[in-house]
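here's my sequence, what's the structure:
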Amino acid sequence: MAELLNFFETTAIAQMQWNFLIMIVIGLLFIFLGIAKNYEPLLLVPIGFGIILGNVPGTMGVYVEGSVMNYLYWGVKAGIYPPLIFLGIGAMTDFSTLIANPKLILLGAAAQFGIFATFIGSIWLGFNVTEAGAIGIIGGADGPTSIFLSSLLAPHLVGPIAIAAYSYMALVPVIQPPIIKLLTSKKERLIKMKTPRLVSKREKVLFPIMGALVTIAIAPGASALLGMLFFGNLIKESGVTERLAETARKPLIDIVTILLGITVGASTQADVFLRMESVKIFGLGAFSFCIATATGVLFAKFMNLFLKEKINPMVGAAGVSAVPDSARVVHHVGQEYDKTNFLLMHAMAPNVAGVIGSAVAAGVLLGILG
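Numbering: from 1, shown residues only. Alright, predicted model coming up:
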């Protein structure tokens, strides 16, 4: 009996506390949302399972030096996984609509206002300047960029920031439609945009080269993200490196997504994660995402005051970096009012511009605060 009691004391059951149970329930909720609701399953399922793994007492988690999970988590702490994700995104992205209608990049830039509004809000809630910079990037709705910046500016907040960023990315179909409908009239939602012109191969090849040079010159701190994004797009558009592009957009990004999701989830141990600062970060994340969506829509309405060919203001909501979910949301809302109105290709322009914009904003913050 004594041996059995000794064995029982070594089990996770004997060491389980209420705070670990809360986190396990949150992990199960993430898995449920990913599977049952199809909310970003490629992200929420690994993160949810990682949360469960990280909150079983007695396991060799990410904070135990020398453990397997600790070695895998090194890719998060060292900022390795996010640039690899950007490489895959670049290899999957078609910048044609943005090249054909470059003024739509302004909508991607406008949506980044959420980053700086959250930065100010974070300071107001008591975070220091570097922590505020790391938290602010949640406003871009860009998980990899949030992890990259927080790992450099506020490593102790990587878990809450990453979970908040990916949570709101997954909830794009829930959060954005009410804001879009609130800020636009039915007449505006029915606006049809002209089919973009055809973009030549030369333009497609030159764009990532010029884009890398310009953006990295502005924000050299984000060169790892921007360089990999544009390099991924170059190997896609060049036509002579299809094998590399195929690897980047499929096996590579899938492997990195698995490692990133499971380790970020496992980093949310209850004794580290369940703190008031985590609650504040989640509140700031919701605020920033709403602000980013709203400013994108409102700036599109402002642009229409000066344009002969009007922009459907809903397209401005796609200026956040949640690619391609935000563009799909805009398209689906447009389809509710007119089945013949196809906004997806137009919404993809500010959507990919938002990816670039959030990375540039991260580089600017890193340059000032790093």
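
low-confidence ranges in the stretch 101-250 of the chain?
By pLDDT under 70, the low-scoring segments of the stretch 101-250 of the chain are 141.

where along it do the helices fall?
105-110, 113-124, 129-136, 143-153, 158-170, 172-183, 186-189, 201-218, 223-237, 242-247 (DSSP state H, counting those that start in this stretch).

list the buried residues of the last one.
Of all the residues in helix 242-247, those buried under the rule 16 or more other Cβ atoms under 10 Å are 244-245, 247. Any C-beta I mention is one placed from the backbone N, CA and C, and that applies to glycine too.

just checking, what packs against that helix?
Counting contacts by 3 or more Cβ pairs under 8 Å, 6 or more residues apart in numbering; DSSP states H and E, helix 242-247 is packed against helix 81-92, helix 223-237.

repeat that for the fifth one.
When contacts are defined as 3+ Cβ pairs under 8 Å, 6+ apart, helix 158-170 packs onto helix 18-35, helix 41-54, helix 68-77, helix 143-153, helix 253-266, helix 270-273, helix 276-304.

quick one on the thing from earlier: got TSV for the helices and strands packed on helix 242-247, with mean neighbour count and distance to Phe20 too?
As requested, these are exported to TSV (neighbours: other Cβ atoms under 10 Å; distance: least, Cβ to Cβ, whole Å):
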stretch	mean neighbour count	distance to Phe20
helix 81-92	25	26
helix 223-237	24	34
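
ok, and the closest non-adjacent residue to the residue most central in space within the chain?
In the chain, the C-alpha nearest the mean C-alpha coordinate belongs to Asp142, at 2.1 Å (Cα atoms, centre = their mean). Nearest non-adjacent residue to Asp142, counting by Cβ to Cβ, 6 or more residues apart in numbering: Ser321, 3.6 Å away.

that neighbour contacts Val360, doesn't it?
No: in this structure, Ser321 is not within contact of Val360 by Cβ atoms under 8 Å, at 11.2 Å.

neighbour-wise, which of those two wins?
Neighbours of Ser321 and Val360, each counted by other Cβ atoms under 10 Å, are more numerous for Ser321; the result is 32 against 24.

mind checking how far that one is from Leu98?
14 Å (Cβ to Cβ, to the nearest Å).

so which bits of stretch 275-295 are buried?
277-278, 280-282, 284-285, 287-295.

cool, and stretch 339-346?
341, 343-346.

same deal with stretch 124-134?
125, 127, 130-134.

just the CA trace of stretch 106-117, in CSV.
What follows is stretch 106-117, C-alpha atoms only, in CSV (Å, rounded to 0.1, in the frame of the first residue of the first chain):
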residue,chain,number,x,y,z
LEU,A,106,-3.2,52.4,-48.1
LEU,A,107,-6.0,50.3,-46.6
GLY,A,108,-3.4,47.9,-45.2
ALA,A,109,-1.5,50.8,-43.8
ALA,A,110,-4.6,52.3,-42.2
ALA,A,111,-5.5,49.1,-40.4
GLN,A,112,-2.2,49.2,-38.6
PHE,A,113,-3.5,52.1,-36.5
GLY,A,114,-4.7,49.4,-34.2
ILE,A,115,-1.1,48.6,-33.3
PHE,A,116,-0.3,52.0,-32.1
ALA,A,117,-3.7,52.5,-30.4
